[in-house]
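> Sequence first, predicted coordinates after that:
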Amino acid sequence: MDVHDLKTWLAHLEERGSLKRVSRSVSLRHELAALSQKADGQTALLFEQTDGAPMPVAANIACRRDWYADALGVAPGELLREVQRRQEIKIKPSEVSDAPFLRNIITKDIDVRKILPLPTYHELDGGPYISAGVFIAQDPDTGAGNVSIHRMHALEPDLFGLLVLPRHLKGMIRRAGERGEPLKAAVCVGLDPLLLMASQLVLAPGEDELEAAGGLWGRAVDVAPAPWSGIPVPAGAEIVIEGEIPPDERRREGPFGEFPRYYSPAAEREVFRVKSIAMREQPVFYSIVAAGYDHLLMGAVPREAGLLRDLQKAVPAVTDVVLPLSGSGRFHCVVQIRKTNEGEAKSALMAALAAHYDVKHAICVDHDIDIHRPSQVDWALATRFQADKDLFVVPGAWGSRLDPSAQDGVTAKMGLDATAPLGGLEGHFRSLRIPGAGEAEF
Ligand code: MN
């Protein structure tokens with residue numbers, strides 16, 4: 001299948017019976033989030049009517065791991081290897097001059113809450129948010145493109161507060177500021193799941209996620225210049241909000257319920273001043289409930305693929321990796337290896353802890369453990385692990401600012417080697433097996 005925009009994907013989900021339409025009017029304040037949470041992990045939703053701006057809202061469009069495999073056209077067991085294979089392929093976007101979002105362009109008297117249906121999610125959230133805004137920006141020094149998602153707190157009719165964690169966009173804002181300029185950005189709302197996933201790939205600075213998206217798509221992403229900034233954005237976008245991030249302006253943003261299932265407190269943060277909103281005829285808005293499966297899986301699956309690549313570079317014995325949803329899809333990492341040398345597990349653990357700042361606790365297990373089954377990982381820890389020699393702690397490492405137990409984003413990291421000694425699986429660590437157990441019938 002060719003998933004190239006949100007509407008194509010929704011049509012595909014509906015055809016396979018995985019989309020539920022909600023026709024009655026739903027309140028944007030908590031009710032839309034509550035219903036999304038209720039259907040999470042099961043069905044995609046299309047809220048046809050809300051008490052806000054007249055535009056349907058899609059939710060839970062990527063809330064199952066097997067849907068990512070479906071979007072890539074592979075069996076669920078092949079998901080990671082397929083993402084890994086495709087993420088090695090970079091395809092430059094292809095420029096087109098026209099796009100559906102250029103039909104309606106608003107540049108005067110912008111009031112985002114009147115134009116867009118902005119939900120309020122959790123109990124203590126500071127206000128309505130755009131949670132699924134995909135920022136597209138160009139490096140002021142090199143021109144390299146970057147794609148990343150940042151939460152947007154609607155503070156004023158044309159002003160959002162932002163959370164910009166210290167990764168690529170943050171560097172671009174700083175470099176624009178050094179020139180005394182604001183950074184221009186185009187925020188796309190309403191994209192297909194593969195483009196969303198590409199925005200979460202762990203790439204080096206300067207590597208363009210849109211080229212990686214081309215790899216995931218299997219063809220170049222069509223891009224059209226956004227009307228105000230000229231930044232090339234996916235032509236299939238439902239809505240494109242353009243504006244600028246001034247280098248020095250700060251407003252109180254938050255609190256906001258975040259992916260670890262805690263509130264990220266309010267603080268003085270960057271702002272996005274809106275200059276233009278462009279959208280299709282009959283656009284569809286897209287809402288992500290923080291800490292819901294869309295949020296966790298969209299981050300976990302591409303990170304896993306990136307980790308698998310990095311880990312296999314460091315330790316070829318690595319066979320698989322997962323960021324379990326129980327660890328918020330970010331903080332816990334289980335690495336599977338087919339051991340050929342002692343020491344490989346600890347090296348793989350160091351590589352996992354270093355590969356991404358979010359990875360906090362890493363566990364290495366043998367190839368006979370199904371890493372998608374937490375009970376098997378627990379069993380390996382219970383029976384193949386001795387805390388005095390199989391555990392190491394790295395104090396004071398770079399961690400997640402959204403982990404409430406970290407101090408200003410400084411965290412301790414821990415590696416746990418739950419592998420049996422080399423050759424042990426055929427000896428002292430040989431696990432039980434009942435002959436014929438798989439085929440036995442009453
Ligand atoms: Mn990037």
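Good, I have the coordinates.
> where along the stretch 1-150 of the chain do the helices fall?
6-15, 31-38, 65-72, 79-87, 112-115 (DSSP state H, counting those that start in this stretch).
> Please apply the same query to the stretch 301-442 of the chain.
344-355, 374-384.
> Between these, which one is closest to L325.
helix 374-384 (9.7 Å; CB to CB). C-beta: built from backbone N, CA, C; applies to glycine.
> what about the most centrally placed residue in the chain, is that helix, strand or coil?
Nearest residue to the geometric centre of the chain (CA atoms, centre = their mean): G299, 2.8 Å. The three-state assignment at G299 reads helix, by DSSP: H, G, I helix; E, B strand; the rest coil.
> In contact with Y286, which residues?
The contact partners of Y286, by CB atoms under 8 Å, 6 or more residues apart in numbering, come to 6, 57-59, 61, 132, 189-191, 238.
> let's see 7 Å
6, 58, 61, 132, 189-190 (CB atoms under 7 Å, 6 or more residues apart in numbering).
> for L191, same thing?
Residues in contact with L191 (CB under 7 Å, 6+ apart) are 6, 134, 234, 236-237.
> 10 Å - rerun?
L191 makes contacts with 3-6, 9, 61, 132, 134, 147, 197-199, 213, 221, 233-234, 236-239, 286, as judged by CB atoms under 10 Å, 6 or more residues apart in numbering.
> Ok, P374 next?
With CB under 10 Å, 6+ apart, P374 has these contacts: 322, 324-327, 332, 334.
> Most widely separated two among the residues you listed?
For those, and using CB to CB, no pair is farther apart than L325 and V334, which are 11.8 Å apart.
> The two - which one has more neighbours?
V334 (26 against 17; other CB atoms under 10 Å).
> quick one: that one and C364 touch, right?
Yes: contact criterion CB atoms under 10 Å: V334 and C364 qualify, at 7.9 Å.
> Common neighbours of those two, please.
Common neighbours of V334 and C364 (CB under 10 Å, 6+ apart) are 321, 352, 380, 416, 418.
> most neighbours, which of these?
V321 (29 neighbours).
> Tell me the bridge partners for it.
As for beta bridges, V321 partners with V335 under DSSP bridges.
> what about the closest residue to A33 other than its chain neighbours, distance to the ion?
Excluding the flanking residues, the one nearest A33 by CB to CB, 6 or more residues apart in numbering is Y121, at 4.5 Å. Separation of Y121 from the ion (CB to the ion, to the nearest Å) stands at 26 Å.
> Now stretch 349-368: average pLDDT?
For stretch 349-368, mean pLDDT is 97.
> Distance from the chain centre to it, please.
From the chain centre to the centre of stretch 349-368 is a distance of 19 Å (CA atoms, centre = their mean, to the nearest Å).
> Pull up the distance across that stretch, start to finish.
18 Å (CA to CA, to the nearest Å).
> what about it and the ion, touching?
No: Stretch 349-368 lies apart from the ion when judged by CB under 5 Å from the ion; the minimum separation is 12.8 Å.
> which parts of that stretch are buried?
349-367 (16 or more other CB atoms under 10 Å).
> same deal with stretch 322-332?
Buried, per 16+ other CB under 10 Å, within stretch 322-332: 322-325, 327-332.
> now do the same end-to-end measure for that stretch.
End-to-end distance of stretch 322-332 (CA to CA): 8 Å.
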